[in-house]
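Novice: Using only what follows, build the 3D model:
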Amino acid sequence: MPEITDEFILSLFSNNKTREKAFEMLLKKYQKHIYYNARRIVTIHDDADDVTQNVCIKIWKNLDKFRGDSSLKTWITRICVNEALTFIEKKKRLLNLDDDTYNDFLLKTHDDFSTVTPGQIEQFMQEEIAKLPPKQRAVFTMRYYDETPYAEMSKIFDTSESALKASYHFAAEKIKKNISERLTF
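Specialist: So this is what the prediction gives:
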């Protein structure tokens, strides 16, 4: 079965009679992408579910305003990243935690990272990624796991490619350093 194009989904969405069907198609195509991007930023499964639901609501409410300045996937990812970062800020305020304390909280209350990926080094990596500041975590995971081009991330984060490259570089160096320290016996 051929892949349903974004253009087809958008054309169906523009018609009130086929709007709900178009949205179902969009979710079928992008829901996993939304969830995994959210999960990599917020790290906790239940939080990622909440973010995913919020993103889907925002897409439903705003899809008719999509201008096509970027791809639909980039537009959805931008909504997801912003929603995940906003979710973290709200949660930190609710728990009355600063960035470092929140990262400690995440490491104590996160889902068991060993179930996400096999192997102790991968577990260390997941823990080190969770320690990164939220925006840096988002940049790192999008580039490392999804190989998102810097040009696309520039549209998502509304910042320069060079700033994103620097953020990714610093995150990667921090992760490498901390993992190698953990592996030194």
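Novice: Where do the strands of this protein begin and end?
Specialist: Using DSSP state E, no strands are found in the chain.
Novice: Lowest mean pLDDT among the helices and strands, pick that one out for it.
Specialist: helix 99-109 (a mean of 76; mean pLDDT, DSSP states H and E).
Novice: who does it touch, helix- and strand-wise?
Specialist: Counting contacts by 3 or more C-beta pairs under 8 Å, 6 or more residues apart in numbering; DSSP states H and E, helix 99-109 is packed against helix 72-95, helix 120-131. Where C-beta positions appear, they are placed from N, C-alpha and C, glycine not excepted.
Novice: what bits of the protein have low per-residue confidence?
Specialist: 1-2, 109-121, 182-185 (pLDDT under 70).
Novice: circling back to that earlier point, can I get the least confident helix or strand of the chain in PDB? Just the C-alpha atoms.
Specialist: Below are the C-alpha coordinates for helix 99-109, written out as PDB (Å, rounded to 0.1, in the frame of the first residue of the first chain):
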ATOM      1  CA  ASP A  99      17.300  22.400  36.900                       C
ATOM      2  CA  ASP A 100      19.800  20.300  38.900                       C
ATOM      3  CA  THR A 101      17.300  19.100  41.400                       C
ATOM      4  CA  TYR A 102      14.900  18.200  38.700                       C
ATOM      5  CA  ASN A 103      17.500  16.200  36.900                       C
ATOM      6  CA  ASP A 104      18.200  14.300  40.200                       C
ATOM      7  CA  PHE A 105      14.500  13.800  40.500                       C
ATOM      8  CA  LEU A 106      14.300  12.400  37.000                       C
ATOM      9  CA  LEU A 107      17.100   9.900  37.700                       C
ATOM     10  CA  LYS A 108      15.500   8.700  40.900                       C
ATOM     11  CA  THR A 109      11.900   8.400  39.500                       C
END
